[in-house]
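S.K.: no sequence on this one, just coordinates:
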């Protein structure tokens, strides 16, 4: 009998997807019944703690409605970008809660980058643009961090830059945490 040709191997997952898949598989592979009920409870994935309210919740909810975004995604971005500090300035010059670069802020018509309402609205508008362009959360996070050009130059993949990849994983973990989805990390 002739040998059937093998299908081509699937493309490898990008590191952020691989990390999340691994975390999920580790949670599913926890030993069941090996040492009794107490060990099972300790090995099971723990639900993420309930998100803490912030003084920006109402502004985030309003921007989420206006720009058709999940408020948890905006929270994750703000946590990663500024740690909820409305006066934050990065070493590269990004400003405010959502850490918008001055050129991006100007393009979005943001005159007061340290005004929480204005910064959240502009950052959410920019986030929506990236979602409409890339339709993929990992690519959106990469484009928010590094700009759309590096994502396009990488063939609509997360660029190989380790800083970009760490950022994507961090924001997705914050997003899952905010949604109460366990990530498999303590």
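M.R.: Good, I have the coordinates. The structure presented is a predicted model; accordingly, all values stated were derived computationally and were not measured.
S.K.: tell me which helix or strand of this structure sits lowest on mean pLDDT?
M.R.: Lowest by mean pLDDT, DSSP states H and E among the helices and strands of the chain is helix 37-43, with a mean of 44.
S.K.: next one: the following helix or strand past that helix to chain centre, how far?
M.R.: Downstream of helix 37-43, the next assigned helix or strand under DSSP states H and E is helix 57-67. Relative to its chain's centre, helix 57-67 lies at 17 Å (Cα atoms, centre = their mean, to the nearest Å).
S.K.: tell me which other helices or strands helix 57-67 touches.
M.R.: Counting contacts by 3 or more Cβ pairs under 8 Å, 6 or more residues apart in numbering; DSSP states H and E, helix 57-67 packs against helix 71-82, helix 116-134. In this view, the C-beta of every residue, glycine as well, is placed from N, C-alpha and C.
S.K.: elements contacting the shortest one?
M.R.: The contact analysis (3+ Cβ pairs under 8 Å, 6+ apart) places helix 71-82 against helix 57-67, helix 116-134, helix 162-179.
S.K.: closest to residue 75 out of these?
M.R.: Nearest to residue 75, of all the helices and strands packed on helix 71-82, is helix 162-179, at 5.0 Å by Cβ to Cβ.
S.K.: that closest one to helix 71-82, inter-axis angle?
M.R.: On the basis of axes from the mean of the first three to the mean of the last three Cα atoms, to 10 degrees, helix 162-179 is oriented at 140 degrees to helix 71-82.
S.K.: what residues sit buried inside helix 162-179?
M.R.: By neighbour count with 16 or more other Cβ atoms under 10 Å, helix 162-179 contains the buried residues 164-165, 167-178.
S.K.: thanks again, I'm all set now.
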